[in-house]
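*Asks:* mind looking at a prediction? Sequence and model below.
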Amino acid sequence: MLSCLFFKNRNVPQSLTFLLSIYGAVRIMSPQGIRLPADTFINVQKQLMNMPKDQVMKKFMDLKGMCNCPKCPTYTSCAKSAMEGLFCGYGASFHCITDVKGCICAKCPVAKELGLGHAVFCQMGSEKSQRYDTLMKG
């Protein structure tokens with residue numbers, strides 16, 4: 001039922017295969033199908049993949065209610081007007097946040113609940129995209 005896109009990239013270190021789901025979760029598997037160690041973020045993504053879409057949307061709305069982005073010194077009136085937030089899940093600000101004036105991502109309850117390991121999501125992109133970028137850099 002879940003639509004997925006499979007691709008192989010021989011330039012990826014150790015020929016890893018990636019499975020990207022429509023819900024934005026990432027499972028990283030070796031060519032032999034052995035799963036690499038999962039952490040809280042991966043486990044939450046797996047749970048989201050098994051939820052109906054309406055429950056996933058409710059979960060994101062609940063997370064947005066817990067989000068500290070509007071309290072951050074980097075958050076701007078433009079971001080507020082554009083109703084931007086939950087950058088850790090949705091990705092970087094489209095055009096409203098151009099300068100980092102501080103970061104409170106590590107203190108956010110969403111970061112703790114989702115097991116996030118990165119920060120400055122408003123500029124650097126979602127946890128998923130930062131993990132992918134880190135992996136590609138080697």
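*Replies:* Ah, there it is.
*Asks:* please, where are all the helices along this protein?
*Replies:* 40-49, 53-66, 77-81, 87-90, 109-114, 121-124, 127-137 (DSSP state H).
*Asks:* relative to residue 99, which of those helices is closest?
*Replies:* Residue 99 sits nearest to helix 121-124 of all the helices of the chain, at 8.7 Å, using C-beta to C-beta. Any C-beta I mention is one placed from the backbone N, CA and C, and that applies to glycine too.
*Asks:* quick check: residue 65 vs residue 110, distance?
*Replies:* 10 Å (C-beta to C-beta, to the nearest Å).
*Asks:* the two: who's more crowded?
*Replies:* Taking neighbours as other C-beta atoms under 10 Å, residue 65 and residue 110 compare with residue 110 leading, 23 against 11.
*Asks:* now do the same contact list for the more buried one.
*Replies:* By C-beta atoms under 8 Å, 6 or more residues apart in numbering, the residues touching residue 110 are 63, 66-68, 86, 88-89, 116.
*Asks:* quick revisit: looking at the helices of the chain, which is nearest to residue 103?
*Replies:* Closest among the helices of the chain, once you apply C-beta to C-beta, is helix 121-124, at 8.4 Å.
*Asks:* good, wrapping up.
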